[in-house]
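In: need a 3D model of the following:
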Amino acid sequence: MRGNIRTAPPITSRINGLILQPDRSLLHMPLGGSLRDLRPRRRSHRGWWLTMLLIAGGWAAMRWVCQPAPTVEEAPPTYQILLRRYARRANLPKEFVHKVVMAESSGRSWVVSEASAKGLMQIRPPAETDVLRKLNRSERGDLFDPEYNMLIGTTYLRMLTDRFDGDAYLVLAGYHMGPTRVARYRTANPGISGKELVERFAGPRTRAYCARILEGEELRLPLTRRPVGGSTEPAPRGDRI
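Out: From the prediction side, this is the model:
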């Protein structure tokens, strides 16, 4: 008869009436292993905490990136004093210099880039050397000092402004990717605007850098020398940013 036939659970042990299921890890114990290998392992929460920290850090970074840059009036008073002093010294609009600072370092004087650019205006050693030669100075200063950094940065912007006839697109491209490359592109493509030259020949980072500061406007910066071509007309004021 096939009546009510009970079958015992597979591979079980009966001890004092208790049914013990076999430990599956016994089936996977490596050769030469021992019962010590079967001890319960503690669950590590280290990975969980690391994941949460990465999520929180990513969220904070996204909020920081999306936060609009402070205007000149919202900046600390000490910074405003330095900005006005060195922008006036270089005959550049303070709003223009401020946007360069925000694009370069977000106002952080201790920042160092992968290319070893330092400080508020992210000065590299070759640019510092050119400026010191222009200023007839031989002793280098501390690029993490905001005042020295802004002296070098604004003077370098002035040098690029005079070199590229006040075209802000070329000035910024030269500041970001180096003036030698910009001058080579300009020589090979006469007659096109600085904006068009940047959009056609500069890399994506330089294009984004110029767009962030100028927002598509073809700004003319004031010159401290006569423009190329011998025009005697007064240089247009760069006060539209």
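In: quick one, domains of this protein?
Out: Following automatic domain parsing, one gets these domains for the chain: 72-163, 165-224.
In: quick one: which of those domains is nearest residue 55?
Out: domain 72-163 (22.8 Å; CB to CB). C-betas here are computed from N, CA, C, even on glycine.
In: end-to-end on the closest one?
Out: Counting by CA to CA, to the nearest Å, you get 27 Å between the two ends of domain 72-163.
In: stretch 196-209 too?
Out: Span of stretch 196-209 from end to end, CA to CA: 15 Å.
In: before we move on, what about stretch 163-182?
Out: Using CA to CA, one end of stretch 163-182 lies 11 Å from the other.
In: begin at 758 from now on, thanks
Out: Will do, 758 is the new start, and the previous item becomes stretch 920-939.
In: quick one: contacts of it?
Out: Outside stretch 920-939, the residues within contact range by CB atoms under 8 Å, 6 or more residues apart in numbering are 853, 857, 913-914, 917-918, 940, 943, 950-952, 954-955, 959-960, 962-963, 966-967, 970-971, 975-980, 984-985, 992-993, 995.
In: tell me the buried residues in it?
Out: Neighbour counts over stretch 920-939 (16 or more other CB atoms under 10 Å) mark 920-934, 936, 939 as buried.
In: which of those residues fall within helices?
Out: With DSSP state H as the criterion, helices contain 920, 925-934, 936, 939 from among those.
In: can you map out the helices along the chain?
Out: With DSSP H as the criterion, the chain has helices spanning 803-823, 834-846, 851-862, 882-891, 903-920, 925-934, 936-945, 951-958, 961-971.
In: what mean pLDDT does the second one get?
Out: Which is helix 834-846. Taken as a whole, helix 834-846 has a mean pLDDT of 94.
In: may I see the buried residues of that helix?
Out: By 16+ other CB under 10 Å, the buried positions in helix 834-846 come out as 836, 839-840, 843-844.
In: output those in CSV; the columns should cover distance to residue 893.
Out: Below are the buried residues of helix 834-846 laid out as CSV (distance: CB to CB, whole Å):
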residue, distance to residue 893
836, 28
839, 22
840, 25
843, 18
844, 22
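In: and which of the residues you listed is nearest residue 885?
Out: residue 843 (14.9 Å).
In: related to what we said a few turns ago, for residue 884, state which of the buried residues of helix 834-846 is nearest.
Out: For the buried residues of helix 834-846, the nearest to residue 884 is residue 843 (15.1 Å; CB to CB).
In: contacts only, for the closest one.
Out: Contacts of residue 843 (CB under 8 Å, 6+ apart): 854, 907-908, 910-911.
In: now swap in residue 973 and tell me
Out: Contacts of residue 973 by CB under 8 Å, 6+ apart are residue 952.
In: now residue 884
Out: 909, 913.
In: do you know how far it is from residue 907?
Out: 13 Å (CB to CB, to the nearest Å).
In: still on that earlier bit, which of the contacts of residue 843 lies closest to residue 866?
Out: residue 907 (9.5 Å).
In: thinking that closest one is in contact with residue 840, fair?
Out: Yes - if you go by CB atoms under 8 Å, residue 907 and residue 840 touch, sitting 7.3 Å apart.
In: between the two, which contacts overlap?
Out: 854, 858.
In: low-confidence regions, the protein specifically.
Out: Within the chain, the ranges that satisfy pLDDT under 70 run 758-807, 809-811, 813-826, 982-998.
In: how about CSV for the domains of the chain, with distance to residue 812 added?
Out: Formatted as CSV, the domains of the chain follow (distance: least, CB to CB, whole Å):
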stretch, distance to residue 812
domain 829-920, 23
domain 922-981, 27
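In: of all the ones you listed, which one comes closest to residue 808?
Out: domain 829-920 (26.9 Å).
In: could you dump the helices of the chain into a markdown table and include distance to residue 871?
Out: Output for the helices of the chain, formatted as a markdown table (distance: least, CB to CB, whole Å):
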| stretch | distance to residue 871 |
| --- | --- |
| helix 803-823 | 17 |
| helix 834-846 | 25 |
| helix 851-862 | 13 |
| helix 882-891 | 14 |
| helix 903-920 | 18 |
| helix 925-934 | 14 |
| helix 936-945 | 18 |
| helix 951-958 | 22 |
| helix 961-971 | 12 |
